[in-house]
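Student: sequence and predicted model, in that order:
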Amino acid sequence: MTERKERWVGFVFDDRYLAHNTGLALIEETDNYPFAEPVPHVSDPALIGRAKQLIDLAGISDYMVRIPAYEASDEALLAYHTQSYLDHVRDIARQGGDTGQGAPIGRGGDRIARLTAGGAMASVDAVITGEVGSAYALVRPPGHHAMADRGMGFCVFNNAVIAARHAQRAHGFEKVLILDWDVHHGNGTQDAFYADPTVLFISLHQDDLYPVGWGNREDCGEGAGKGFTVNIPLPAGTGSQGYLEAFARLVLPIARQFQPNLIIISAGQDASVMDPLARMALTTASYRDMTTMMMDVASETCGGRIVVTQEGGYAPAYAPYCSAAIAEMLVGAREAITPFADPYGPRATSMPAATTLGLDAERAIEEAIHKQRSYWSV
Ligand SMILES: [Zn+2]
């Protein structure tokens, strides 16, 4: 226990997240027809439960400081969401139901969603005050699809947006970088800061997957925010090499030029090779690499301050390994950590996309670079 505190990593996990009730059906149905057995909702909170178990069993959490989540207040949520939406979520939580477009909560779910946004805020507090050097908010429900006036795509409140605004308003941290590597586009986050040059939003996602029509490379912000939205759509099948190339040529140079005071990562591990909702080919090694690269940028630009907030990641057995890999990188190499075998590692890394950069991925990256040259030296 001789490490300096800034090397410690905050960890937000609240048992109440496991009570986030998505119901059974992914789309509207109310029963399992025509199947006899219930098919679990892909965003079942058991996913983060399993990630938590791995992080604990490997000994990673021994090097993390538990940060208690608190419920985000109306005032905090109103930094992005509308009052009528907050009222709507309260109403829906009386019986359970959809808060918008495919973002269900169970009875009492308003409180869980507030604890989630508040978990991201508490991470920001702990990192900015120096209680810890970085933090991982392993939360449910996710946030990056949530719009000001409605839930979307499993997301109720936009945790990353609320956390970024909290850093600015409560702590005076002006410039925030939000890097969104969830395989889907962070439409809500983009919307919140589209005309705002103080928050740089960079998204890597599978091209036009969800929500359809969002995340085009041409969408670069508007007004004073022009250039501060960076969309990097990648073709289905992109693996480690494609992501590494996109990081090296776009994400890292742009992040360095922006010089953030704080980095928030919207970390969805649904670009994994095992994910049922997308068709990318990342592995635990990819998540290790991406985390390390962002830690390097953070130490160069903002004293290492990173808040990772959990978004998607739906491979029941594999996504937890990817999340644990991120936590493992955050705490750094520690002898006491039990290396856990990635059960799909050899198979995943033998896929061509893991080792070669496909022509379509290369073209997508070139086109994104071409677009970004209007705003950044890339
Ligand atoms: Zn996603």
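Tutor: Nice, I can see it.

Student: how about the helices of the chain, start to end?
Tutor: Ranges of helices within the chain are 46-57, 74-77, 83-95, 109-128, 159-171, 187-193, 240-246, 252-258, 284-301, 319-331, 345-349, 352-355, 359-372, based on DSSP state H.

Student: and of those, who's closest to Phe228?
Tutor: Across the helices of the chain, the minimum distance to Phe228, taken as Cβ to Cβ, is reached by helix 187-193, at 7.0 Å. The way it works is simple: take the backbone N, C-alpha and C, and place the C-beta from them, glycine included.

Student: tell me the mean pLDDT for that closest one?
Tutor: Per-residue pLDDT over helix 187-193 has a mean of 98.

Student: do stretch 178-191 and the ion meet?
Tutor: Yes - using Cβ under 5 Å from the ion, stretch 178-191 comes into contact with the ion via Asp182, His184.

Student: put the alpha carbons of that stretch into CSV.
Tutor: C-alpha atoms of stretch 178-191 as CSV (Å, rounded to 0.1, in the frame of the first residue of the first chain):
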residue,chain,number,x,y,z
ILE,A,178,-15.4,12.5,-24.7
LEU,A,179,-14.1,9.5,-26.6
ASP,A,180,-16.9,7.1,-27.5
TRP,A,181,-15.7,3.7,-28.7
ASP,A,182,-19.0,2.0,-28.2
VAL,A,183,-19.8,0.3,-31.6
HIS,A,184,-23.0,2.3,-31.9
HIS,A,185,-23.0,6.1,-32.5
GLY,A,186,-23.3,8.3,-29.4
ASN,A,187,-26.1,10.4,-30.9
GLY,A,188,-27.2,11.9,-27.6
THR,A,189,-23.7,13.0,-26.7
GLN,A,190,-23.1,14.5,-30.1
ASP,A,191,-26.4,16.3,-29.9
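
Student: turn the helices of the chain into TSV, including mean neighbour count.
Tutor: Shown next, in TSV, are the helices of the chain (neighbours: other Cβ atoms under 10 Å):
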stretch	mean neighbour count
helix 46-57	19
helix 74-77	16
helix 83-95	15
helix 109-128	26
helix 159-171	25
helix 187-193	25
helix 240-246	22
helix 252-258	19
helix 284-301	20
helix 319-331	25
helix 345-349	15
helix 352-355	16
helix 359-372	17
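
Student: in TSV: these, plus distance to Leu138.
Tutor: Output for those, formatted as TSV (distance: least, Cβ to Cβ, whole Å):
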stretch	distance to Leu138
helix 46-57	5
helix 74-77	20
helix 83-95	22
helix 109-128	8
helix 159-171	12
helix 187-193	19
helix 240-246	22
helix 252-258	24
helix 284-301	14
helix 319-331	7
helix 345-349	22
helix 352-355	26
helix 359-372	30
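
Student: and Glu218, how many neighbours?
Tutor: Residues lying near Glu218 (other Cβ atoms under 10 Å) number 7.

Student: what's the nearest residue to it if we skip its chain neighbours?
Tutor: Lys371 (6.8 Å; Cβ to Cβ, 6 or more residues apart in numbering).

Student: for Gln257, same thing?
Tutor: That would be Trp376: by Cβ to Cβ, 6+ apart, it lies 5.7 Å from Gln257.

Student: list the contacts of Lys175.
Tutor: Thr198, Val199, Leu200, Phe258, Gln259, Pro260, Asn261, Leu262 (Cβ atoms under 8 Å, 6 or more residues apart in numbering).

Student: drop anything exposed from the residues you listed.
Tutor: Thr198, Val199, Leu200, Phe258, Pro260, Asn261, Leu262 (16 or more other Cβ atoms under 10 Å).

Student: any idea how far the residue of the stretch 51-200 of the chain found nearest the ion is from Ala341?
Tutor: Closest residue of the stretch 51-200 of the chain to the ion, Cβ to the ion: His184 (3.6 Å). Using Cβ to Cβ, to the nearest Å, His184 is found at 29 Å from Ala341.

Student: again, but for Asp208
Tutor: With the distance defined as Cβ to Cβ, Asp208 ends up 35 Å from Ala341.

Student: who has more neighbours, these two?
Tutor: Neighbour comparison, Asp208 and Ala341: the larger count goes to Asp208, with 15 against 9 (by other Cβ under 10 Å).

Student: tell me which helix or strand in this structure has the weakest average pLDDT.
Tutor: helix 345-349 (a mean of 77; mean pLDDT, DSSP states H and E).
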